[in-house]
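# Need the 3D shape of this:
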Amino acid sequence: MTTEVATRALTGIQKAALVLMTMSTDKAAIVMRQFSDQEAEEISAEIVRLRGADDRIAETAIREFHAQSTKPAIAPTRGGKAFATGLLEASFGVERAAAVIERLDASMGVGAFDFLAEADAAKVTALLIDELPETVAFVLAHLKADIASAVLLEFPPVRRLDIAQCIASMGTATPEATGIIAAALKQRSKTVKVVAKDAKSESSIGGVQPLVDMMNHADPATERELMASLQERDPELAAQVRALMLSFEDLPLLQDRDVQQVLRGIDIGQIALALKGAPDEIAEAIRSNMSERNRQTLTEEAAEIGRVPKSQVEEARNLLVRAIRELQATQGLELKKPVTDENASAESSEPEPVDEEEYVD
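Reported below is the predicted structural model:
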């Protein structure tokens, strides 16, 4: 598509926005004052959307406004919310500009789901219970991971899997679509008394990582159930999720320095509990990265542990798992290559099935 054709496809509002984007703020403000509030709002919206527009298209737009002029020297187009805000403030003052920007934010989906940020999980579930999995996934992907995880766990297992799959395979949505969905839910939320919040937060997008973040906040049993169901329905997607979710059994694959960092801040008593019934290679990976004094304390703590409920062992192991995943998310991990023993039996390669027993001896 040529520059001329591309320019002809622009609306008058878009061309006006391009021309203003090439001008200094002071000069653009003089021009902006000639427009009505509605026109100024429409032009400002296009300035936000046209950030990084091709300078050649802006130049052609100026030629249309100045047919008798020679080719002007075009300043780099700026655009973006910051430029639109500065231009509106210079044109109409801070208070009037703030009102326009607030309307723009609402229409473009910025902070659209902030009203759910501090809502009770059960109430948000009631709000979303009759929605399609795609809609629920879209909303959860815009909430913080801990909140989204709590809401996800409120759904029955089958629906939970549908929603999780939609989150992982989700793309991006237009601001208009975000605004429409948020407005409809906000209106309906008045009947279920969803608590609103004034503070704004960053909205996230769908994909595998948001799903992993939510599962990291779930309990071990729910995580295993969801992963098993996801594996059955979509093995490829399950593999992508699993690649981002290191488990307790992956501890021997961590570099020594990373194991030491994972153990930092975790009570030795909890470490001893986590090692209850664990494979020898996991115990060795932990013990070899502790000081002599801490190893002695670990031995003493382990000796005092008798028969314990499996849930306590799982919770202790989950402390280590969360520390591993947090380290992976913040710093990244370079894993060792798994050591395979061709003479090892299939049984010896499997971790002890702690979750299949009510108690661990």
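
# Is Met290 part of a helix or strand, or is it coil?
For Met290, the secondary-structure state derived from DSSP: H, G, I helix; E, B strand; the rest coil is coil.

# you'd agree it is up against Ile266?
No: counting by Cβ atoms under 8 Å, Met290 does not reach Ile266; the two are 11.0 Å apart. Using the backbone N, CA and C atoms, a C-beta is placed for each residue, glycine as well.

# and Pro309, backbone torsions?
phi -60, psi 150 (degrees, to the nearest 10).

# How many residues are close by it?
Pro309 has 12 neighbours, counted by other Cβ atoms under 10 Å.

# With Gln260 as the reference, measure out to Leu327.
In this view, Leu327 and Gln260 are 11 Å apart by Cβ to Cβ, to the nearest Å.

# The two: which has the busier surroundings?
Leu327 (18 against 15).

# The more buried one: which element?
helix 310-330 (DSSP states H and E).

# helices or strands up against that helix?
Counting contacts by 3 or more Cβ pairs under 8 Å, 6 or more residues apart in numbering; DSSP states H and E, helix 310-330 packs against helix 220-233, helix 256-263, helix 268-274, strand 359-360.

# Quick check: mean pLDDT of the shortest one?
For strand 359-360, the per-residue pLDDT values average out at 64.

# What of the first one?
Model confidence over helix 220-233, given as mean pLDDT, is 82.

# chain center to the following helix or strand past that helix, what's the gap?
Per DSSP H and E, the first helix or strand lying C-terminal to helix 220-233 is helix 235-243. Taking Cα atoms, centre = their mean, to the nearest Å, one finds the center of helix 235-243 at 18 Å from the center of the full chain.

# For helix 235-243, list the C-alpha coordinates in CSV.
Extracted C-alpha coordinates of helix 235-243, given in CSV (Å, rounded to 0.1, in the frame of the first residue of the first chain):
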residue,chain,number,x,y,z
PRO,A,235,-1.0,-32.7,25.9
GLU,A,236,0.9,-30.0,24.0
LEU,A,237,-0.5,-27.2,26.1
ALA,A,238,0.1,-29.2,29.3
ALA,A,239,3.8,-29.6,28.2
GLN,A,240,4.1,-25.8,27.9
VAL,A,241,2.6,-25.2,31.3
ARG,A,242,4.7,-28.0,32.9
ALA,A,243,7.9,-26.5,31.4
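
# Start at 50, not 1
In the new count, where the first residue is 50, that last one comes out as helix 284-292.

# contact partners of it?
Gln214, Ala217, Ser218, Val257, Leu260, Val261, Met264, Met276, Leu279, Gln280 (Cβ atoms under 8 Å, 6 or more residues apart in numbering).

# For these, give me JSON lines that also has distance to Ala194 and neighbour count.
Shown next, in JSON lines, are the contacts of helix 284-292 (distance: Cβ to Cβ, whole Å; neighbours: other Cβ atoms under 10 Å):
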{"residue": "Gln214", "distance to Ala194": "17", "neighbour count": "21"}
{"residue": "Ala217", "distance to Ala194": "14", "neighbour count": "22"}
{"residue": "Ser218", "distance to Ala194": "18", "neighbour count": "15"}
{"residue": "Val257", "distance to Ala194": "13", "neighbour count": "17"}
{"residue": "Leu260", "distance to Ala194": "9", "neighbour count": "32"}
{"residue": "Val261", "distance to Ala194": "9", "neighbour count": "21"}
{"residue": "Met264", "distance to Ala194": "9", "neighbour count": "21"}
{"residue": "Met276", "distance to Ala194": "17", "neighbour count": "18"}
{"residue": "Leu279", "distance to Ala194": "18", "neighbour count": "22"}
{"residue": "Gln280", "distance to Ala194": "22", "neighbour count": "15"}
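
# Tell me the one of the residues you listed nearest Glu350?
Proximity of these to Glu350 (Cβ to Cβ) peaks at Met264, which lies at 29.6 Å.
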